[in-house]
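Student: Mind looking at a prediction? Sequence and model below.
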Amino acid sequence: MQQIAAGTLYVVATPIGNLADLTPRAVDVLGQVDLVLAEDTRHTAQLLRHCGLSKPLQSLHEHNERQKLDSIVQRLQAGESLALVSDAGTPLLSDPGFPLVRRLRELDMPVIPIPGPCAAVAALSVAGLATDRFAFEGFLPARSGARRTRLEGLADETRTLVFYESGKRLAGVLNDMCEILGPDREAAVARELTKLYESIYRGSLAQLRDRAGSDVDMVRGELVLLVQGTPVAEIAENPELDRVLGVLLPELPLSQAVKLAVELCGLRRNEVYRRATELQKGTDLP
Ligand code: SAM
């Protein structure tokens, strides 16, 4: 057992479903710290009980994190060691903790990771999509309008896209993705990872959208959605597209010009949209 350091914040990853994924080192650190900062104290108390530990807990979530920064820093400066955990997985990854870690960075105070489960990384490791470069996008906006705007901004991203999503929104999200990113991109849904009903669905965006519309199991629980980035070749220059957009853009609103150019050139919407916005910015008119 390694002695933990005084005046240090330990950022401790916890299971995303299967309690056996809590690492021995995490148990060791949780057992030694003076205080555990937890997103939900009841949830973490249960985890600690499971490990045979009883520790002082304090809540730290997105609504109180900023008010608590000063008192946490004071405890650390007084020499206490603290652990930060979230309800599941790695803190700060779509979970509380960033303002605290940021403050400690500004004060040049020690922060040590105790690595472990993370749903995004677990999903990437089995999706069969490129892992050499990926973009973690967290949660998309819940409202379709804002979501579509975000997706339009991602249409020409060449890295694998990784999203957190809830089952109940999956069908709507896949539908928007088919329209904006194109139906043919390879994708994967990694659902209930490490839990009893763990399932990995692989297919094109259109295949997954169709399945999400008919398979009630697929839209239950927690999931990670991964989408292939746009192929690099697709966003290469296309003189025919430029010519068509050069005629349409001065005459029509962007969305109509894109729609017609997609039909005339037989290209994917995301490619046409990207080029149209470039041309509209006036940077590259043919
Ligand atoms: N910090 C966590 C991590 O490291 O993965 C993520 C926290 S975020 C609030 C919760 C989201 O993570 C869920 O909505 C889901 O998208 C994803 N997630 C968490 N556990 C999961 C699991 N067992 N299987 C699939 N996705 C999961």
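Tutor: All right, it came through fine.

Student: Report the contact partners of Gln3.
Tutor: Contacts of Gln3 were listed using CB atoms under 8 Å, 6 or more residues apart in numbering, and they are Gln32. The way it works is simple: take the backbone N, C-alpha and C, and place the C-beta from them, glycine included.

Student: average model confidence for stretch 182-191?
Tutor: For stretch 182-191, the mean pLDDT works out to 97.

Student: Stretch 141-150 too?
Tutor: Per-residue scores along stretch 141-150 average to 95.

Student: Use 29 as the first number for this chain going forward.
Tutor: Sure, I'll start numbering at 29, so the last one becomes stretch 169-178.

Student: Asn298: how many residues sit nearby?
Tutor: 25 (other CB atoms under 10 Å).

Student: what's the answer for Ala289, then?
Tutor: 27.

Student: for it, phi and psi?
Tutor: phi -60, psi -40 (degrees, to the nearest 10).

Student: strand partners of the host helix or strand of Leu251, parallel vs antiparallel please.
Tutor: Assigned by DSSP states H and E, Leu251 falls within strand 250-255. According to DSSP bridges, strand 250-255 forms sheet pairs with strand 188-194 (antiparallel), strand 214-219 (antiparallel).

Student: quick one: contacts of the next helix or strand after that strand?
Tutor: Sequence order places helix 267-276 as the next helix or strand after strand 250-255, per DSSP H and E. Among residues not part of helix 267-276, those counted as contacts by CB under 8 Å, 6+ apart are 284-285, 288-289, 292-293, 295, 299-300, 303-304, 307, 313-314.

Student: Verify the contact between Pro145 and Asp115 for me.
Tutor: No. If you go by CB atoms under 8 Å, Pro145 and Asp115 don't touch, sitting 11.8 Å apart.

Student: any shared contact partners between the two?
Tutor: Thr42.

Student: If you count surrounding residues, which of the two has more?
Tutor: Pro145 (21 against 16).

Student: What residue in the stretch 79-228 of the chain comes nearest to the ligand?
Tutor: Gly117 (2.4 Å; CB to the nearest ligand atom).
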